[in-house]
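>>> Just need the structure, nothing else, for what follows:
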Amino acid sequence: MVGNMIGAGVFLMPAAMASFGSVSLLGWVFSAIGSFFLARVFSNLSQLLPEGTGGPYAYARHGLGDFAGFLVAWGYYLATSCANAAITISFVSALSTFFPVLATNVVAAVLTGLGAIWLLTWVNTRGVATSGKVQLVTTILKLLPLLIIAIGGLFFIKAENFHPFNNTGTSVWGAITATATMTMFSYIGIESATIPSGSVANPGKTISRATMLGLLIATLVYVLGSVSVMGIIPAKTLQHSVTPFADAAVIMFGPGARYWVSAGVAIAAFGALNGWTLVQGQVPFAIAKDKLFPAIFTRLNSKGVPYVGMIISGVIISLFMSMNYTKGLVDQFRFLLLLSVFTMLVPYLFSAASYLIIRLEKKPLKSGGWLSAIVLAVLAFAYTLWEIAGAGQGSVFYGFILLMAGVPFYVWGVYKKRNLEDNA
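Predicted structure coming up:
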């Protein structure tokens, strides 16, 4: 979960937030609180429905029906494909610090990206345990530079660098809404532990703990890192930085620090790509197992891994990644990335809505604890709606169209499913 949430993007976040002023730190606080509500929902759902492989898809389908489940899975699948392409591009960009040819030679950049995609596709076909070992190593290595700057940087901050407080020209609440939407994207992946539940030992207990602990670790890194970087580098300088953590490290430790921070960015991207590759195999497998997606996605190898789904996902990611390096297709790729924002938030909305339904089914009213369950569901649902509104009208409108584009696949799946039932 930590490996999926903390990707390469967090290394750029302080620069993206600098133009708002130090009010952006409150954006982190609000998104952390909202993410806590969502984490509790996913944590509780993993205990109520421990067999729910596919995470948000399984919860939405169980609580709201096949169509809702399909919409969640379809949007989630396309969104993670775009996200994985963007992560691959970040990985290649970080490596260019050590291999400058990657910044100037398109062929070299594309081949490096393809190499990363297919290496990690192969790793994930070796089983969840193998993928988990890679994730553990890369997560530790990516956290080291972040923690060094997040904690060590507290001794280098200057109070004057936090001025102005609100540089947006709007109200404080408006600034918080805008920054909380941006920072929420750093918490995408909060549901990751629930996706491969069918391959997790004692999922009800393990996934619940992983979700809450993962949120705590990520929040500490995000908030302390942002405070340190914004306190070390003046706002006017920071908003034009393309490597804010590296620039802070140079101030703290000297010019050589830039390289180990860049290595951290590369490792962060590589680890996140590994984790999301696992997710991209499990989600279509869960839909196909319920006969709402082509049966080819249910094929497993000797390790019990849905390898066909991973291979197909690898092809899609490769195409999306290559679009970024193809003149004339860059704008289309960025447009797809924008749409993924909305389709990532919809599963959270549906999961929050499903929580009370599943809670009622698994634990009747007489069992108690209903007031806290209602409050949690309402807060998680309202927070997600707020984030969707903050994503902008364009993301919502075109994201809805993207979701509806999957309806023909759903209709085909239902038709095939009914034929199978009639024949049986």
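>>> What ranges does the stretch 101-250 of the chain have for its helices?
101-104, 106-125, 128-152, 172-184, 203-232, 235-238, 244-253 (DSSP state H, counting those that start in this stretch).
>>> Make TSV out of these and add mean neighbour count, distance to Ile358 and mean pLDDT.
For every residue, glycine as well, the C-beta is placed using N, CA and C. Shown next, in TSV, are those (neighbours: other C-beta atoms under 10 Å; distance: least, C-beta to C-beta, whole Å; pLDDT from 0 to 100):
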stretch	mean neighbour count	distance to Ile358	mean pLDDT
helix 101-104	14	47	85
helix 106-125	19	29	92
helix 128-152	18	25	86
helix 172-184	20	24	80
helix 203-232	20	13	88
helix 235-238	16	44	84
helix 244-253	22	40	87
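>>> With respect to Gly264, which of these lies nearest?
helix 128-152 (3.6 Å; C-beta to C-beta).
>>> what's that closest one packed up against?
On a contact count with 3 or more C-beta pairs under 8 Å, 6 or more residues apart in numbering; DSSP states H and E, helix 128-152 meets helix 2-5, helix 106-125, helix 203-232, helix 244-253, helix 257-289.
>>> would you turn the ones you listed into JSON lines with distance to Phe162?
As requested, the helices and strands packed on helix 128-152 are exported to JSON lines (distance: least, C-beta to C-beta, whole Å):
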{"stretch": "helix 2-5", "distance to Phe162": "26"}
{"stretch": "helix 106-125", "distance to Phe162": "38"}
{"stretch": "helix 203-232", "distance to Phe162": "6"}
{"stretch": "helix 244-253", "distance to Phe162": "14"}
{"stretch": "helix 257-289", "distance to Phe162": "22"}
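>>> Nearest to Met404, out of those?
That would be, of the helices and strands packed on helix 128-152 and by C-beta to C-beta, helix 257-289, which comes in at 16.9 Å.
>>> Give me the angle between the helix or strand just after that closest one and helix 106-125.
As assigned by DSSP states H and E, the chain's next helix or strand after helix 257-289 is helix 307-323. Using axes from the mean of the first three to the mean of the last three C-alpha atoms, to 10 degrees, the inter-axis angle of helix 307-323 relative to helix 106-125 is 160 degrees.
>>> neighbouring contacts of helix 307-323?
The contact list for helix 307-323 (C-beta atoms under 8 Å, 6 or more residues apart in numbering) reads 77, 81-82, 84-85, 88-89, 110, 113-114, 117-118, 121, 124-125, 277, 280-282, 284-285, 288, 296-297, 299-301, 329-330, 332-333, 336.
>>> export it as PDB, just CAs?
C-alpha atoms of helix 307-323 as PDB (Å, rounded to 0.1, in the frame of the first residue of the first chain):
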ATOM      1  CA  TYR A 307      -1.000 -13.900 -16.300                       C
ATOM      2  CA  VAL A 308      -3.100 -13.200 -19.400                       C
ATOM      3  CA  GLY A 309      -4.600 -10.200 -17.800                       C
ATOM      4  CA  MET A 310      -1.100  -8.900 -16.800                       C
ATOM      5  CA  ILE A 311       0.200  -9.400 -20.400                       C
ATOM      6  CA  ILE A 312      -2.800  -7.500 -21.900                       C
ATOM      7  CA  SER A 313      -2.400  -4.800 -19.300                       C
ATOM      8  CA  GLY A 314       1.300  -4.600 -20.200                       C
ATOM      9  CA  VAL A 315       0.400  -4.000 -23.900                       C
ATOM     10  CA  ILE A 316      -2.000  -1.200 -23.000                       C
ATOM     11  CA  ILE A 317       0.500   0.500 -20.600                       C
ATOM     12  CA  SER A 318       3.200   0.200 -23.300                       C
ATOM     13  CA  LEU A 319       0.900   1.900 -25.900                       C
ATOM     14  CA  PHE A 320      -0.100   4.700 -23.500                       C
ATOM     15  CA  MET A 321       3.600   5.300 -22.400                       C
ATOM     16  CA  SER A 322       4.700   5.400 -26.000                       C
ATOM     17  CA  MET A 323       2.100   8.000 -26.800                       C
END
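>>> Many thanks, have a good one.
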